[in-house]
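Peer 1: A structural model of the following input is requested.
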Amino acid sequence: MRFTPKSEEELKKESNFSVFPKGEYDFEIRTATDKISKNSGAEMIELNVDIFAPDGSKRGVFDYLLESALWKLHHCAQACGLEAEYDKGQLEAWMFEGKTGRCKVAVSPASGDWPERNKIVDYIVIEQPIAKTHGKKPVMADLDDDIPF
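Peer 2: The predicted structure follows:
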């Protein structure tokens with residue numbers, strides 16, 4: 001394999017080596033896998049998520065959805081448009097793949113062999129405009145422009 005070697009300082013300056021600051025970011029779930037937690041033996045969903053900065057740069061982050069953090073599972077399902085499946089108590093990993101939304105990101109400090117890294121601390125539920133009712137026929141709120149035809 002041929003490559004252009006870079007110093008540690010050059011690597012840290014590259015956008016794909018550093019972490020994003022704490023904040024809210026757009027996300028896309030690249031892959032999702034049904035797994036069993038090594039710590040508790042509970043079912044979980046492992047998400048491989050891309051988070052995007054306003055300038056278009058991205059970072060890859062792993063996140064884990066477990067029943068023991070049901071609030072986070074619920075928020076992720078809502079953010080991904082999977083609330084009906086959540087309400088049934090049955091979510092499969094494949095349902096999350098390709099879903100997009102917004103999330104809250106923090107920075108985990110370096111620890112042992114692990115460098116500083118981003119982590120998703122919650123998913124943001126964005127309220128969509130709900131259909132208005134004029135008489136008995138629902139009309140989408142953003143399309144209700146009072147044009148008579």
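Peer 1: Next one: the residue nearest to the spatial centre of the chain, what pLDDT does it get?
Peer 2: Among the residues of the chain, the one closest to the centroid is Phe27, at 4.7 Å (Cα atoms, centre = their mean). pLDDT recorded at Phe27 is 96.
Peer 1: And for Ala53?
Peer 2: Note on Ala53: pLDDT of 93.
Peer 1: For the residue lying closest to it once chain neighbours are set aside, give me the backbone phi and psi.
Peer 2: Of all residues not flanking Ala53 in the chain, Phe20 sits nearest, at 5.9 Å (Cβ to Cβ, 6 or more residues apart in numbering). C-beta coordinates here come from the backbone N, C-alpha and C atoms, glycine included. With angles defined as degrees, to the nearest 10, Phe20 sits at phi -80, psi 150.
Peer 1: cool, and Glu116?
Peer 2: Dihedral pair for Glu116: phi -50, psi 140, per degrees, to the nearest 10.
Peer 1: how much space between it and Leu47?
Peer 2: Glu116 sits 20 Å away from Leu47, going by Cβ to Cβ, to the nearest Å.
Peer 1: Tell me which of those two has more neighbours.
Peer 2: Leu47 (23 against 11; other Cβ atoms under 10 Å).
Peer 1: so that one bridges to which residues?
Peer 2: Per DSSP bridges, the residues bridged to Leu47 are Ala32, Asp63.
Peer 1: Repeat that for Glu43.
Peer 2: Assigned bridge partners for Glu43, using DSSP bridges, are Ile36.
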